[in-house]
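S.K.: Structure for the following, please:
(one chain, ligands or ions: 2)
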Amino acid sequence: MTCSRCSTVNPELARFCYRCGAGLTTSADRTSHYAASPGEPVRALALVSTLMPHVSGSRHHLYKWGLALAGAASLVASGFGILPVALICAAIALPGVLLMYLYDHEVWSDDPLTVVAACVALAAALGVGIGLLANAFSGSGAIIGLTNNLPSTGRLLELCVVLPLVTLIAVQVAPVIVTSRPRFKHTLDALTFAALGGASLALAESIVVQHGAFSSATVHNTSSARDAFIALTLGFAKPIIYAAAGAITVMRLRRRTSAYPLGLLEGFLLIGVYDSAVATLAIYGDRGVVLTFIIAAITAAVGLIRIRDEAHAALLDEATEATVAPAGHYGGNCAECGLPLVAGSAFCLACGTAVAAMPKPHQQHIASYASTSA
Ligand SMILES: [Zn+2]
Ligand SMILES: [Zn+2]
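M.R.: Ligands and ions are numbered 1, 2, ... in the order given. The predicted structure is shown next:
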């Protein structure tokens with residue numbers, strides 16, 4: 001069977017072109033099979049397979065459990081009126097699970113120190129800076145909280161334009177540094193490290209901005225529901241928005257496409273919508289808190305879908321550009337479905353998983369076949 005996209009001759013039973021990943025049969029519509037996780041459509045609203053793209057089979061459910069438990073702990077703490085604990089439980093969940101994923105899949109190859117130092121420590125330091133800036137702009141320090149007056153036009157400009165711009169630059173710093181190393185230059189590395197950096201930055205920023213909640217750790221006169229919405233917004237939605245803004249921009253930067261400025265615009269809009277909601281809805285009290293959460297959740301969802309669009313396109317394009325070893329020999333097994341790969345595959349011809357999305361040790365294993373059969 002000859003691929004209509006790249007003219008590679010594929011084995012008769014192939015569903016996907018092993019060279020460029022295009023669907024070869026009518027059932028293999030590529031938009032229904034995300035290149036990093038073909039069991040899901042490209043535009044599926046899936047947190048784990050989006051921010052942790054290397055296929056992990058049996059490990060995915062652990063990450064989901066980790067996030068769900070942290071979310072539940074956060075809600076329980078909110079129920080007891082302990083906002084600091086609720087915030088911390090929610091905010092450390094995503095960076096924690098991302099670190100576990102990096103460790104599990106050896107995404108950091110043999111250089112965990114650089115990755116953790118840049119993506120956690122540096123990003124957190126930048127997050128402290130962003131938090132201080134947000135406090136200086138808002139004047140009160142209570143970004144999501146008790147404000148009775150709509151900020152002045154000047155303040156709105158600072159909070160809705162300047163703050164998102166500075167944040168957009170900050171979320172790119174750590175992933176740009178890490179992906180400047182040759183071994184981390186792949187698009188999926190840009191995605192993962194932007195996710196870890198964005199989540200760490202959001203965690204540090206939230207602690208600085210909401211420090212009032214920590215200094216008055218005793219029960220204050222707010223409702224449990226309000227605390228829960230604040231914790232979910234700061235602990236889950238905001239880190240995802242930052243991760244998305246960082247991932248979209250740095251993936252485009254590393255692909256060296258001319259679309260980088262467009263990525264910057266997208267990243268700015270994602271952060272800007274969130275910051276604007278926080279700045280303008282604070283005056284509506286509890287209703288404002290809920291509305292802020294809804295807007296943040298929708299923005300985070302849009303961000304996740306945009307990451308998937310970008311990663312999917314990158315995986316398909318990179319495979320077409322890459323030069324592949326001579327085909328026809330056995331090239332190891334697919335990490336997702338276990339079926340044999342044709343030597344020199346960029347995609348599994350049975351399930352359509354990108355080889356670049358398989359765990360790194362597995363990729364090295366596959367590469368060893370390519371070098372012996374060449
Ligand atoms: Zn093809
Ligand atoms: Zn497969």
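
S.K.: which residues of the protein fall in strands?
M.R.: Assigned by DSSP state E, the strands in the chain fall at 330-333, 340-342.

S.K.: Could you provide the ones you listed in JSON lines, with additional columns for distance to residue 223, mean pLDDT and mean neighbour count?
M.R.: C-beta: built from backbone N, CA, C; applies to glycine. Below are the strands of the chain laid out as JSON lines (distance: least, Cβ to Cβ, whole Å; pLDDT from 0 to 100; neighbours: other Cβ atoms under 10 Å):
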{"stretch": "strand 330-333", "distance to residue 223": "54", "mean pLDDT": "85", "mean neighbour count": "19"}
{"stretch": "strand 340-342", "distance to residue 223": "56", "mean pLDDT": "89", "mean neighbour count": "20"}
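
S.K.: got CSV for the ones you listed, with distance to residue 28 too?
M.R.: Formatted as CSV, the strands of the chain follow (distance: least, Cβ to Cβ, whole Å):
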stretch, distance to residue 28
strand 330-333, 20
strand 340-342, 16
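
S.K.: out of those, which comes closest to residue 352?
M.R.: Evaluated over the strands of the chain, closeness to residue 352 peaks at strand 340-342, with 12.0 Å, by Cβ to Cβ.

S.K.: near ligand 1, which residues of the stretch 51-200 of the chain?
M.R.: Counting by Cβ under 5 Å from the ion, no residue of the stretch 51-200 of the chain lies close to ligand 1.

S.K.: Any stretches of the stretch 51-200 of the chain with poor pLDDT?
M.R.: Scanning the stretch 51-200 of the chain for pLDDT under 70 picks out 56-57, 139-148.

S.K.: Residue of it closest to ligand 1, please.
M.R.: Proximity of the stretch 51-200 of the chain to ligand 1 (Cβ to the ion) peaks at residue 187, 18.9 Å away.

S.K.: The stretch 201-350 of the chain too?
M.R.: Taking Cβ to the ion, the stretch 201-350 of the chain has residue 320 as its residue nearest ligand 1, at 7.5 Å.

S.K.: before we move on, the earlier item: distance of the residue of the stretch 51-200 of the chain closest to ligand 1 relative to ligand 2?
M.R.: As judged by Cβ to the ion, to the nearest Å, residue 187 and ligand 2 stand 20 Å apart.

S.K.: what do you get for residue 73?
M.R.: Distance of residue 73 to ligand 2, given as Cβ to the ion: 36 Å.

S.K.: do the same with residue 89
M.R.: Counting by Cβ to the ion - residue 89 and ligand 2 are separated by 37 Å.

S.K.: I figured that residue hits residue 73, correct?
M.R.: Yes: at 4.3 Å, residue 89 and residue 73 qualify as touching, with contact defined as Cβ atoms under 8 Å.

S.K.: neighbour-wise, which of those two wins?
M.R.: When residue 89 and residue 73 are compared for neighbours, residue 89 comes out ahead with 22 against 17, by other Cβ atoms under 10 Å.

S.K.: Residues of the chain that sit close to ligand 2?
M.R.: For the chain, the contact set with ligand 2 under Cβ under 5 Å from the ion comprises 334, 336, 337, 348, 350, 351, 353.

S.K.: Now the fourth one, what are its backbone angles?
M.R.: Right, residue 348. With angles defined as degrees, to the nearest 10, residue 348 sits at phi -70, psi 130.

S.K.: What is the burial count for it?
M.R.: Residue 348 is flanked by 28 other residues according to other Cβ under 10 Å.

S.K.: Equivalent analysis for the third one, please.
M.R.: Summarising burial for residue 337: neighbours were counted as other Cβ under 10 Å, giving 15.

S.K.: Could you report the distance from the nearest residue to it once chain neighbours are set aside to residue 245?
M.R.: Nearest non-adjacent residue to residue 337, counting by Cβ to Cβ, 6 or more residues apart in numbering: residue 351, 4.1 Å away. Taking Cβ to Cβ, to the nearest Å as the measure, residue 351 falls 31 Å from residue 245.

S.K.: quick one, which of the two is more surrounded?
M.R.: Applying other Cβ under 10 Å to residue 351 and residue 245 shows that residue 245 carries more neighbours, namely 32 against 20.

S.K.: Spit out the contact partners of that one.
M.R.: By Cβ atoms under 8 Å, 6 or more residues apart in numbering, residue 245 lies in contact with 167, 168, 171, 198, 266, 267, 268, 270, 271, 303.

S.K.: How about residue 158?
M.R.: Contacts of residue 158 (Cβ under 8 Å, 6+ apart): residue 137.

S.K.: Can you give me the neighbour number for the nearest residue in space to residue 109 that is not next to it in sequence?
M.R.: Leaving aside its chain neighbours, residue 109 sits nearest to residue 183 (5.4 Å; criterion: Cβ to Cβ, 6+ apart). By the criterion of other Cβ under 10 Å, residue 183 has 14 neighbours.

S.K.: ok, the residue nearest to residue 337 touching residue 333?
M.R.: No: using Cβ under 8 Å, residue 351 makes no contact with residue 333, being 11.4 Å away.

S.K.: which neighbours do those two share?
M.R.: Residues touching both residue 351 and residue 333 (Cβ under 8 Å, 6+ apart): residue 339.

S.K.: and residue 239, what does it touch?
M.R.: 91, 94, 95, 198, 199, 202, 203.

S.K.: And the residue lying closest to the last one once chain neighbours are set aside, how far from residue 350?
M.R.: For residue 203, the nearest residue in space outside its immediate sequence neighbours is residue 91; the separation is 4.5 Å by Cβ to Cβ, 6+ apart. To residue 350, residue 91 is 40 Å away according to Cβ to Cβ.
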